[in-house]
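Participant: One predicted model, sequence on top.
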Amino acid sequence: MRAQRIILLAVAVTTLSACCMAQGMGQPQGGSMGQPGMNQPNQQGMGQPGGIGQNGNTPPSMGTDSMGMNMKSPDQEFMMKAAQGGLAEVKMGNLAKQNGGSDAVKQFGDRMVTDHTQANDQLRKIAEQKGITLPSSPSSKDKRISKMLQSKQGADFDKAYIHDMVKDHEADVAEFRREAENGKDPVVKAWAQKTLPTLEQHLDSAKQVAGQVGGNEKTAGAMSSPQ
């Protein structure tokens with residue numbers, strides 16, 4: 001019995017030693033090839049946050065390009081605003097011909113339609129040559145004013161309309177004069193220089209009509225006092 005126990009103990013020790021040797025031979029292989037410690041650097045280099053793959057796709061350059069496409073030169077900004085203003089003058093001029101109470105307002109409105117239609121056509125041709133798309137409708141502010149004027153008739157319309165025309169042409173003359181003097185695009189600058197005298201005449205006429213219909217109390221007083 002004692003001899004059998006000794007034999008069994010020897011077999012167990014031999015078996016245990018063989019298992020330990022097998023584990024010792026397999027473990028380095030798993031550690032060197034299969035553990036994350038060796039693969040992580042490669043993964044980070046191409047696809048993980050901070051790696052080459054992600055940095056290569058960062059959006060700053062795309063954002064810069066899109067901003068560059070959306071930015072306009074001062075001459076182009078002037079063209080856009082002038083186009084919207086011209087469309088508004090034509091629309092309101094037609095309203096003046098329909099809703100105006102005095103002949104002076106109706107005649108002024110008719111001149112706005114004629115002169116600004118001509119100027120709009122000239123500006124559109126310039127824009128087409130330069131590949132620029134101009135606005136096809138007035139600004140939201142002018143749309144609100146047009147809507148307000150549509151609800152008025154006669155003397156009420158005359159006062160509201162001519163008051164707006166004085167304000168608008170004061171701003172227009174200042175903007176066209178700035179472009180005529182400081183514009184960088186020679187074609188746009190020449191158009192502003194050509195159109196400016198007409199706008200100055202419009203402003204003078206608007207002030208005269210305002211003195212007649214009372215559309216602008218300050219202007220009316222200034223126009224009537226010397227007479």
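Facilitator: Looks like it arrived, so ask away. Everything numeric in this text was worked out from a predicted model, so none of it was measured. Residues are numbered from 1 along each chain as shown.
Participant: Residue 71: how many residues sit nearby?
Facilitator: Residue neighbour count, defined by other Cβ atoms under 10 Å, stands at 9 for residue 71. (Each C-beta comes from the backbone N, C-alpha and C, glycine too.)
Participant: Which pLDDT value goes with it?
Facilitator: Residue 71 carries a pLDDT value of 74.
Participant: same thing with residue 17?
Facilitator: 56.
Participant: doesn't residue 78 make contact with residue 179?
Facilitator: Yes: between residue 179 and residue 78 there is a contact under Cβ atoms under 8 Å: 4.9 Å.
Participant: Which residue ranges of the chain form helices?
Facilitator: 2-29, 36-46, 52-55, 60-70, 74-99, 103-130, 140-150, 154-182, 186-213, 217-224 (DSSP state H).
Participant: Enumerate the positions of the longest one that are buried.
Facilitator: Okay, so that is helix 154-182. 157-166, 168-169, 172-173, 175-176, 179-180 (16 or more other Cβ atoms under 10 Å).
Participant: before we move on, the earlier item: look up the residues that both of residue 179 and residue 78 are in contact with.
Facilitator: 188, 192 (Cβ atoms under 8 Å, 6 or more residues apart in numbering).
Participant: Format the CA atom coordinates belonging to stretch 132-142 as CSV.
Facilitator: Below are the C-alpha coordinates for stretch 132-142, written out as CSV (Å, rounded to 0.1, in the frame of the first residue of the first chain):
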residue,chain,number,x,y,z
ILE,A,132,-23.1,87.1,-59.9
THR,A,133,-26.7,86.3,-59.0
LEU,A,134,-28.6,89.3,-57.7
PRO,A,135,-31.6,89.2,-55.3
SER,A,136,-34.9,88.8,-57.0
SER,A,137,-37.0,90.6,-54.4
PRO,A,138,-36.8,93.6,-52.1
SER,A,139,-35.4,93.4,-48.6
SER,A,140,-37.7,92.3,-45.7
LYS,A,141,-37.8,95.9,-44.5
ASP,A,142,-39.0,97.2,-47.8
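Participant: which other residues reach it?
Facilitator: So stretch 132-142 is in contact with 76, 79-80, 83-85, 87-88, 91-92, 123-124, 127, 143, 146, going by Cβ under 8 Å, 6+ apart.
Participant: hmm, try it at 6 Å
Facilitator: 83, 84, 87, 88, 127 (Cβ atoms under 6 Å, 6 or more residues apart in numbering).
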